[in-house]
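# Fold the stuff below for me.
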Amino acid sequence: MNIRRSAAVVAAVAVLGGAAAPAMAASPAPTPSQALPSGLYGTADPTYDGVWRQSLALLAQHTAGVKPADKAVDWLTGQQCASGAFAPFRAEPAKPCDAKTMTDTNQTAAAVQALTALGGHGAVVTKAVTWLKSVQNKDGGWGYVAGGASDANSTSVVVGALAAAGEKPAAVTKDGKSPADALLKLALPCAQGGAFAFQPDKSGKLAANADATAAGVVGLLGKGLVTGAGAQAAAVCKDARTPAQAAANGAAYLAKTMAKDGHLTSAMPGATPQPDYGNTADAVVALAAQGGAAQAAKPLAWLEKNSAGWAEQSGPAAYAQLIFAAHTAGADPRHFGGQDLVAGLNATGPAPQAAETKDAEKDEKKDDDSPFGVWWFVGVCLVAGIGAGFLISGRKGRTK
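Below you'll find the predicted structure:
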């Protein structure tokens, strides 16, 4: 549920072997002579994450009270295939999808969450949800690509889509198995920390994965990318196989892992360990969604202090992740450790239609407090010939 989508693609290839590779090669990357669509957020190559980052951007704007630009929403809906699935990026949306078009559950589920929140896209959402249901695995979960082995991250983001669209995830089953059944199979016992694995390895063993754990917690709670703070049982690991207890176990693992430094650490093979900002943001969402804002206070404070450079460098999905973390933990994304996440996000794509709700309310209150009032001002403008209307616009910034 962060900018790990490229890593998820790699994981899908590792599991499926050569089956997924041709599909990935089929989606052409933009070249310097091929300008990116004006409605797209971010300037990086969208071949593998275009719909994902666009969905997160629009959902984060909506969460922050910002109305996205029409062309940004139109770009997203235009990426849907006739099957209902979404491809990460189609340079020629008017051209029908074919067998070589790479579609996946993550892009599709993220688009469902964004478009449901925005409203007015019932037909698009219905087709996407129908497709997601059609590619559910027999264990109740979903893989990154249709037919791929179920993983915690993909299953969780689909659960979020189902919940957003008004479905009851527990009632969406295949061969009698629900998404919760798939996630519980990926949960480790307390003797191994209570974490979640991304997938079993080739021998069937499970290995703790912090990113998958954050996803597993949110998925078992039946939540999506945007959720409020929860009030579940304390994050204490107990050997129980109910969804609620498994979620608490995962939260306990995350809290323990971040207890010393306040953040998760990236451990890519051969690379020097370094702070993992995106997964830490996901962990904040998981901790707050499971046990309340206080449970996420330490990693949230770390993000407020350290995430500005990462967000600016990484672009729209990074800003969105931080906005989701702030929202769930009760922080103000416009005053997040000295940075305005909303302005930063807005600057990565087409200017939104409306200013942030809170700013509009403040401006309105200032007018009300004036000894003359807004109508006096309008009258003066009319007399002067300037015009009767005025526009309150949002803040603008610059990022990649």
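
# what's the neighbour count on residue 57?
27 (other C-beta atoms under 10 Å). All C-beta atoms are positioned from the backbone trio N, CA, C, and that covers glycine.

# What of residue 345?
Look at residue 345: counted by other C-beta under 10 Å, it has 30 neighbours.

# in the protein, what spans have low per-residue confidence?
Applying pLDDT under 70 to the chain picks out residues 1-34, 232-233, 354-400.

# Hmm, residue 249 and residue 190 touching each other?
Yes: at 6.4 Å, residue 190 and residue 249 qualify as touching, with contact defined as C-beta atoms under 8 Å.

# In a helix, residue 245, correct?
Yes: applying DSSP: H, G, I helix; E, B strand; the rest coil, one finds residue 245 inside a helix.

# Just give the closest residue to it, not the sequence neighbours.
In space, and not counting its chain neighbours, residue 245 is closest to residue 238: 5.9 Å by C-beta to C-beta, 6 or more residues apart in numbering.

# Over to residue 90?
residue 79 (5.6 Å).

# Surely that neighbour touches residue 94?
No: if you go by C-beta under 8 Å, residue 79 and residue 94 don't touch, sitting 11.5 Å apart.

# So for those two, which residue has more residues nearby?
residue 79 (25 against 6).

# what's near enough to touch that one?
If you count contacts by C-beta atoms under 8 Å, 6 or more residues apart in numbering, residue 79 has them with 50, 51, 86, 87, 89, 90, 93, 107, 111.

# which of those count as buried?
In the contacts of residue 79, burial by neighbour count holds for 50, 51, 86, 87, 89, 90, 93, 107, 111, counting by 16 or more other C-beta atoms under 10 Å.

# Name all residues that make contact with the last one.
To tie it back to what came earlier, the one meant is residue 111. 51, 54, 55, 76, 79, 80, 86, 124, 128.

# Now intersect those residues with the helices, please.
Among these, DSSP state H puts 51, 54, 55, 76, 124, 128 in helices.

# residues contacting the fifth one?
Taking C-beta under 8 Å, 6+ apart as the definition of contact, the neighbours of residue 124 are 77, 80, 111, 115.

# With the first one instead?
With contacts taken as C-beta under 8 Å, 6+ apart, residue 51 has the following neighbours: 76, 79, 86, 87, 88, 89, 107, 108, 110, 111.

# what about 7 Å?
76, 79, 86, 87, 88, 89, 107, 110, 111 (C-beta atoms under 7 Å, 6 or more residues apart in numbering).

# quick one: which two of those residues are the most distant?
Spatial extent of these (C-beta to C-beta) is set by the pair 89 and 110 at 13.3 Å.

# did I read that right, the residue nearest to residue 245 in a helix?
No: counting by three-state DSSP, one finds residue 238 to be coil, located in no helix.

# how deep is residue 226 tucked in, by neighbour count?
Look at residue 226: counted by other C-beta under 10 Å, it has 21 neighbours.

# Over to residue 128?
Counted with other C-beta under 10 Å, residues neighbouring residue 128 total 26.

# How about the contacts made by it?
By C-beta under 7 Å, 6+ apart, the contact list for residue 128 reads 80, 84, 86, 108, 111, 112.

# likewise residue 60?
Residues counted as contacts of residue 60 (C-beta under 7 Å, 6+ apart) are 319, 320, 323, 324, 345.

# When you filter these down to buried only, what's left?
For these, a neighbour count by 16+ other C-beta under 10 Å gives the buried set as 319, 320, 323, 324, 345.

# Restricted to helices, list those.
If you go by DSSP H, the buried ones among the contacts of residue 60 have 319, 320, 323, 324, 345 in helices.

# residue ranges of the strands in the stretch 151-300 of the chain, please?
264-266, 274-276 (DSSP state E, counting those that start in this stretch).

# Check which residues of the first one are buried.
Neighbour-count burial for strand 264-266, with 16+ other C-beta under 10 Å as criterion, is recorded at 264, 266.

# How far does that strand sit from its chain's centre?
19 Å (C-alpha atoms, centre = their mean, to the nearest Å).

# ok, and what's touching that strand?
210, 257, 258, 273, 274, 275, 276, 279, 280, 283.

# run the last query once more with 6 Å
With contact meaning C-beta atoms under 6 Å, 6 or more residues apart in numbering, strand 264-266 is reached by 210, 273, 274, 276, 279, 280, 283.

# Hmm, residue 107 and residue 52 touching each other?
Yes: under the criterion of C-beta atoms under 6 Å, residue 52 makes contact with residue 107 at 5.3 Å.

# show me the contacts for residue 223.
When contacts are counted by C-beta under 6 Å, 6+ apart, residue 223 is found next to residue 289.

# cutoff 10 Å now
With contact taken as C-beta atoms under 10 Å, 6 or more residues apart in numbering, residue 223 is in contact with 156, 159-160, 163-164, 169, 217, 230, 247, 285-286, 289-290, 328.

# Is it possible to mark the buried ones in these?
With neighbours counted by 16+ other C-beta under 10 Å, the contacts of residue 223 contain buried members at 156, 159-160, 163-164, 169, 217, 230, 247, 285-286, 289-290, 328.

# So which of those are in helices?
Using DSSP H, those in helices are 156, 159, 160, 163, 164, 217, 247, 285, 286, 289, 290, 328.

# mind putting the residues you listed in JSON lines, distance to residue 195 included?
Shown next, in JSON lines, are these (distance: C-beta to C-beta, whole Å):
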{"residue": "156", "distance to residue 195": "14"}
{"residue": "159", "distance to residue 195": "18"}
{"residue": "160", "distance to residue 195": "20"}
{"residue": "163", "distance to residue 195": "23"}
{"residue": "164", "distance to residue 195": "26"}
{"residue": "217", "distance to residue 195": "10"}
{"residue": "247", "distance to residue 195": "12"}
{"residue": "285", "distance to residue 195": "16"}
{"residue": "286", "distance to residue 195": "11"}
{"residue": "289", "distance to residue 195": "17"}
{"residue": "290", "distance to residue 195": "14"}
{"residue": "328", "distance to residue 195": "20"}
